[in-house]
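# any chance you can model this:
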Amino acid sequence: MERVSLGRTGIEVSKLCLGTMTWGSQNSESEGHAQADMALDHGVTFWDTAEMYPTNPVRAETVGDTEAIIGTWLASRGGRSRLQIATKITGAGQAAVRGGAPITGAAMRAAVEASLQRLQTDYIDLYQLHWPNRGSYHFRQAWRFAPRVTDRALVEAHMLDVLQTAAALIAEGKIRAIGLSNESVWGAGLWLSLADRHGLPRMASVQNEYSLLCRQFDTDWCELSLIEDMPLLAFSPLAAGLLSGKYAGDVVPDGTRRSFSPDLGGRITPQVFPAVAAYLGIAATHGLDPCQMAIAFCLTRPFPCIPIIGATSTAQLALNIGAADLRLSDAVMADIAVAQRLHPMPY
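Numbering: from 1, shown residues only. Alright, predicted model coming up:
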């Protein structure tokens with residue numbers, strides 16, 4: 001598996017990242033371990049999790065279970081230095097985690113300590129803010145988004161508190177780098193500016209949704225990501241399974257994510273299935289697996305992009321890992337460009 005730089009951190013990671021959010025809900029501990037074994041065997045050493053996981057649904061009684069499954073895998077297999085582990089502190093408003101309390105420096109320190117215990121490790125390679133306290137336009141909130149910032153000074157004070165805590169945690173060897181998730185260009189720019197002005201840790205990366213069906217990153221974010229060397233960790237590159245074709249015809253196969261979340265987090269719209277059909281048609285025309293085509297597309301972007309691949313079976317995982325070796329032809333890319341113009345924002 002080819003390796004790439006994680007921004008300016010000096011950390012090298014695999015070009016694909018293993019997503020783990022189903023471990024503890026749709027996947028048992030033993031199934032999670034099997035996926036972990038397969039990922040490592042194929043050189044996928046960059047793994048992403050969060051204190052909130054598993055999802056589908058998020059429940060107070062299961063918060064932290066995904067990290068714990070990674071922890072038992074590490075305890076049984078060893079070799080922590082082979083991996084680059086990313087996890088996250090939950091943003092404000094998620095009642096299942098700390099009663100929905102916002103991110104603060106103190107909350108981040110406590111969350112890091114708890115994650116370290118569950119992961120059974122001494123350090124976290126990349127520690128991310130799952131979403132900003134001030135809210136965001138992600139997760140289909142763009143349709144009603146209105147910025148809530150009324151006092152920039154308070155936002156800057158919060159950011160400095162977090163960055164100063166991150167500096168202390170890095171100095172203590174508990175985290176190696178800090179990153180963003182579900183963030184805006186304005187927010188990322190302010191984080192970077194404050195870090196530069198105060199000599200504090202720089203936000204290394206951003207984890208936002210990105211796929212053939214979700215192209216919000218392609219404009220302002222693309223420019224910032226490229227110029228500031230802030231890689232995108234692209235979550236849901238298969239659009240929660242839509243791009244696999246398994247929901248085509250508006251079906252709900254047993255045991256799939258849609259059986260737990262019927263609207264796939266707002267992704268099921270009147271426009272989505274025509275868009276899915278267009279991309280499935282491109283894959284069929286060119287003799288490609290649609291999952292591999294969708295993941296490989298993320299690797300073609302003009303900004304640094306690391307797709308996060310998730311699966312509920314080792315067969316799915318093996319297929320998705322195979323995308324790392326796929327190079328999309330000019331003809332495929334041309335057809336994708338046409339489809340994107342015809343179906344620009346299906347959800």
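
# so which helix or strand takes in L74?
Using DSSP states H and E, L74 falls within helix 65-77.

# just the CA trace of that helix, in PDB.
C-alpha atoms of helix 65-77 as PDB (Å, rounded to 0.1, in the frame of the first residue of the first chain):
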ATOM      1  CA  ASP A  65     -17.200   0.600  22.300                       C
ATOM      2  CA  THR A  66     -15.400   1.000  18.900                       C
ATOM      3  CA  GLU A  67     -12.300   2.300  20.600                       C
ATOM      4  CA  ALA A  68     -12.500  -0.600  23.000                       C
ATOM      5  CA  ILE A  69     -12.600  -3.100  20.200                       C
ATOM      6  CA  ILE A  70      -9.500  -1.500  18.700                       C
ATOM      7  CA  GLY A  71      -8.000  -1.700  22.200                       C
ATOM      8  CA  THR A  72      -8.600  -5.400  22.600                       C
ATOM      9  CA  TRP A  73      -7.200  -6.000  19.100                       C
ATOM     10  CA  LEU A  74      -4.000  -4.100  20.100                       C
ATOM     11  CA  ALA A  75      -3.800  -6.000  23.300                       C
ATOM     12  CA  SER A  76      -3.900  -9.400  21.500                       C
ATOM     13  CA  ARG A  77      -1.900  -8.500  18.400                       C
END
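
# in that helix, what counts as buried?
With burial defined by 16 or more other CB atoms under 10 Å, the residues of helix 65-77 counted as buried are 65-74. C-beta: built from backbone N, CA, C; applies to glycine.

# before we move on, what about stretch 119-126?
Result for stretch 119-126 [16+ other CB under 10 Å]: buried residues 119-121, 123-126.

# restricted to strands, list those residues.
124-126 (DSSP state E).

# between those residues, which sits nearest I170?
Set against I170, the nearest of those by CB to CB is I124 (10.4 Å).

# how near is that closest one to P253?
Per CB to CB, to the nearest Å, I124 is found 35 Å from P253.

# likewise D325?
For D325 relative to P253 (CB to CB), the value is 28 Å.

# one more: Q84?
Distance from Q84 to P253, by CB to CB: 33 Å.

# the two: who's more crowded?
Neighbour count, other CB atoms under 10 Å: between Q84 and P253, Q84 has more, with 22 against 11.

# and that one, bridged to which residues?
Bridge pairing for Q84 (DSSP bridges) gives the partners F46.

# which residues does it contact?
6, 11-14, 45-47, 125-126 (CB atoms under 8 Å, 6 or more residues apart in numbering).

# hmm, which two among these are most spread apart?
Farthest pair in the contacts of Q84 (CB to CB) is E12 and W47. Separation: 14.3 Å.

# who has more neighbours out of those two?
W47 (24 against 12).

# report the outermost residue of the chain with respect to its centre.
Most distant residue from the mean C-alpha position of the chain: T285, 29.8 Å away (CA atoms, centre = their mean).

# show me where the stretch 151-300 of the chain has strands.
175-181, 203-207, 232-234 (DSSP state E, counting those that start in this stretch).

# these: which one's closest to R109?
Among these, the nearest to R109 by CB to CB is strand 175-181 (10.2 Å).

# quick check: angle from the closest one to strand 203-207?
Angle, strand 175-181 to strand 203-207, by axes from the mean of the first three to the mean of the last three CA atoms, to 10 degrees: 40 degrees.

# and strand 175-181, what's buried?
175-181.

# that strand: how far from the chain's middle?
In terms of CA atoms, centre = their mean, to the nearest Å, the gap separating the centre of strand 175-181 from the centre of its chain is 13 Å.

# that strand pairs with which strands, parallel or anti?
Here strand 175-181 is paired, per DSSP bridges, with strand 124-129 (parallel), strand 203-207 (parallel).

# save those strands as CSV, and put in distance to L160 and mean pLDDT too.
Output for the strands paired with strand 175-181, formatted as CSV (distance: least, CB to CB, whole Å; pLDDT from 0 to 100):
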stretch, distance to L160, mean pLDDT
strand 124-129, 14, 99
strand 203-207, 13, 98
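
# quick check: G32 touching I69?
Yes: between G32 and I69 there is a contact under CB atoms under 8 Å: 4.4 Å.

# I'd say A34 and Q316 touch.
No: using CB under 8 Å, A34 makes no contact with Q316, being 11.9 Å away.

# show me the strands in the stretch 1-150 of the chain, by range?
Ranges of strands in the stretch 1-150 of the chain, per DSSP E, counting those that start in this stretch, are 3-5, 12-14, 17-19, 46-48, 84-89, 124-129.

# could you check how far the residue nearest to I170 when sequence neighbours are not counted is from F303?
Among residues not flanking I170 along the chain, P201 sits closest, at 5.9 Å (CB to CB, 6 or more residues apart in numbering). As judged by CB to CB, P201 and F303 stand 21 Å apart.

# more crowded one of these two?
P201 (24 against 19).

# so what's that one up against?
P201 touches 163, 166-167, 170, 177-178, 195, counting by CB under 8 Å, 6+ apart.

# so which of those residues sit within helices?
Members of these lying in helices (criterion: DSSP state H): 163, 166-167, 170, 195.

# in those residues, find the pair that's most separated.
Farthest-apart pair in the ones in helices among the contacts of P201 is I170 and A195; separation 12.0 Å (CB to CB).
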